[in-house]
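Peer 1: Following is a predicted model, sequence given first.
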Amino acid sequence: MSARLEAEHLYKVFGRKPDQAVGRLREGADREELRADGTTAAVIDASFTVEPGEIFVVMGLSGSGKSTLLRMLNGLLEPTAGRVRFGGQDLTEIGERALREVRSRRISMVFQHFALFPHRSVRDNAAYGLEVQGVPRAERERRADEALALCGLAGWEKSWPDELSGGMQQRVGLARALATDADLLLMDESFSALDPLIRRDMQDQLIELQKSLKKTIVFITHDLNEAMRLGDRIAVMRDGRIVQLGTAEDILIRPANDYVASFIQDVDRSRVLTAGAVMDRELRGDEADCGCETATTATPFTELCAISARVPHAVAVLDGEGTPVGVVRRQRLVGFLGDEQNGPGVCDTPGGQGSGKVMARA
């Protein structure tokens with residue numbers, strides 16, 4: 001069973017007198033002030049909780065601190081201040097030996113550049129974490145083969161890494177993490193080195209695996225499309241700080257500041273939003289009974305627009321029990337798309353086809 005991950009007021013400062021630098025940051029100093037003194041504040045006061053079975057995405061541009069944050073979660077980097085708890089265990093308090101045990105059994109990492117051993121077969125690469133644990137050969141090969149099959153690599157067990165495509169090599173890296181049956185997967189820009197089509201295939205693979213495995217996953221990316229597609233929740237970082245944390249819909253509808261707003265300005269909202277996100281909860285008159293074509297709170301925005309194009313009235317939104325909980329009026333849909341920004345919207349066509357800039361999580 002996956003466990004909860006908690007990060008509490010994490011700081012990571014590189015350079016001289018890091019503890020004093022944390023004190024200055026808490027008193028209101030900014031990153032540039034510290035840099036003038038030869039000190040780099042990579043992560044500043046980061047706090048969040050990742051629930052069991054959640055894909056938690058940390059996104060930001062290069063230098064935002066996201067990879068440094070990830071490495072504090074499994075103890076590869078020691079926080080200058082703050083705590084990391086996983087399954088109730090304080091990882092910042094345990095000794096190095098105990099931390100290595102946690103990393104070998106409870107937390108696995110999937111790297112950007114595969115990190116495969118060229119002199120080991122695909123099976124032996126997938127089994128490497130189990131070998132480190134001291135698992136007997138027969139058992140580790142069985143578990144490695146099961147993980148490879150989950151990742152679509154059945155039949156490739158005896159191949160060498162250089163016989164595989166980039167996407168297949170990344171699947172081996174994912175299989176290696178899954179074979180240990182770790183509770184937490186840390187994925188550091190794991191798909192960013194892949195071609196776009198292969199990258200999308202890997203995203204699909206992760207989504208399908210998560211439906212059955214329900215791992216706790218922290219996924220690092222600089223790609224907004226990828227974050228929107230994969231994340232149950234997303235933390236947006238800038239200059240070492242988390243500037244917004246929420247679902248894809250939260251971030252699109254209520255950006256926390258101008259930086260986040262500029263980050264998402266080119267997103268095709270029609271591929272991310274649902275009826276539940278855009279509905280009005282206050283009904284007028286008989287709007288709860290407005291026609292036989294209705295939507296649910298989970299109805300995708302494009303489908304909602306198609307319904308709206310077919311009926312002359314507002315679209316009632318029902319909950320899982322069929323009770324009206326809101327209504328979507330056509331002007332509301334047009335408002336979310338933004339005529340000037342997006343040009344002809346999906347609501348202008350009966351089929352509801354958008355431009356497809358961003359695909360939401362399936």
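Peer 2: Cool, the structure landed. Numbers count the residues shown, from 1 in each chain.

Peer 1: top helix in this protein by residue count?
Peer 2: Looking across the chain with DSSP state H, the single longest helix is helix 196-213.

Peer 1: Export only the CA atoms of it, formatted as CSV.
Peer 2: What follows is helix 196-213 as a C-alpha-only set of coordinates in CSV (Å, rounded to 0.1, in the frame of the first residue of the first chain):
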residue,chain,number,x,y,z
PRO,A,196,7.3,13.7,-29.0
LEU,A,197,5.4,10.6,-30.2
ILE,A,198,7.4,8.3,-28.0
ARG,A,199,7.0,10.7,-25.1
ARG,A,200,3.3,10.6,-25.5
ASP,A,201,3.4,6.8,-25.6
MET,A,202,5.3,6.8,-22.3
GLN,A,203,2.7,9.1,-20.8
ASP,A,204,0.0,6.8,-21.9
GLN,A,205,1.9,3.9,-20.4
LEU,A,206,2.3,5.6,-17.0
ILE,A,207,-1.4,6.5,-16.9
GLU,A,208,-2.4,2.9,-17.7
LEU,A,209,0.0,1.5,-15.1
GLN,A,210,-1.2,3.9,-12.5
LYS,A,211,-4.8,2.7,-12.9
SER,A,212,-3.8,-0.7,-11.6
LEU,A,213,-0.7,-0.1,-9.5
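
Peer 1: Centre of the chain to it, how far?
Peer 2: The chain centroid and the centroid of helix 196-213 are separated by 12 Å under Cα atoms, centre = their mean, to the nearest Å.

Peer 1: Over to stretch 68-75?
Peer 2: That offset, for stretch 68-75, works out to 16 Å (Cα atoms, centre = their mean).

Peer 1: tilt between the helix or strand Ala177 falls within and helix 196-213?
Peer 2: Ala177 belongs to helix 166-179 when assigned by DSSP states H and E. Comparing the axes of helix 166-179 and helix 196-213 via axes from the mean of the first three to the mean of the last three Cα atoms, to 10 degrees yields an angle of 20 degrees.

Peer 1: who touches the spatially most central residue of the chain in this structure?
Peer 2: In the chain, the centroid-proximal residue (Cα atoms, centre = their mean) is Val57; its distance is 2.6 Å. The contact partners of Val57, by Cβ atoms under 8 Å, 6 or more residues apart in numbering, come to 218-221, 226-227, 230-231, 233-235. From N, CA and C alone the C-beta is placed, and that goes for glycine too.

Peer 1: ok, so what distance separates it from Ala3?
Peer 2: 19 Å (Cβ to Cβ, to the nearest Å).

Peer 1: Could you do Ile217 as well?
Peer 2: Taking Cβ to Cβ, one finds Ile217 at 12 Å from Ala3.

Peer 1: next one: Ser308
Peer 2: Counting by Cβ to Cβ, the gap from Ser308 to Ala3 is 43 Å.

Peer 1: more crowded one of these two?
Peer 2: Ser308 (24 against 17; other Cβ atoms under 10 Å).

Peer 1: What separation is there between that one and Thr296?
Peer 2: Using Cβ to Cβ, Ser308 is found at 14 Å from Thr296.

Peer 1: How far off centre is the helix or strand that contains Val58?
Peer 2: Using DSSP H and E, Val58 falls within strand 55-59. Mean C-alpha position of strand 55-59 versus that of the full chain (Cα atoms, centre = their mean) differs by 3 Å.

Peer 1: Report the angle between it and helix 196-213.
Peer 2: 150 degrees.

Peer 1: Run a quick neighbour tally on Asn257.
Peer 2: Residues near Asn257, counting by other Cβ under 10 Å: 12.

Peer 1: same deal with Gly28?
Peer 2: 7.

Peer 1: From Leu61, how far out is the residue lying closest to the residue nearest to the centre of the chain once chain neighbours are set aside?
Peer 2: The shortest distance from Val57 to any non-neighbouring residue, by Cβ to Cβ, 6 or more residues apart in numbering, is to Gly231 (3.4 Å). Using Cβ to Cβ, we find Gly231 at a distance of 17 Å from Leu61.

Peer 1: Show me which of the two is the more surrounded one.
Peer 2: Between Gly231 and Leu61, Gly231 has the larger neighbour count (other Cβ under 10 Å), namely 23 against 12.
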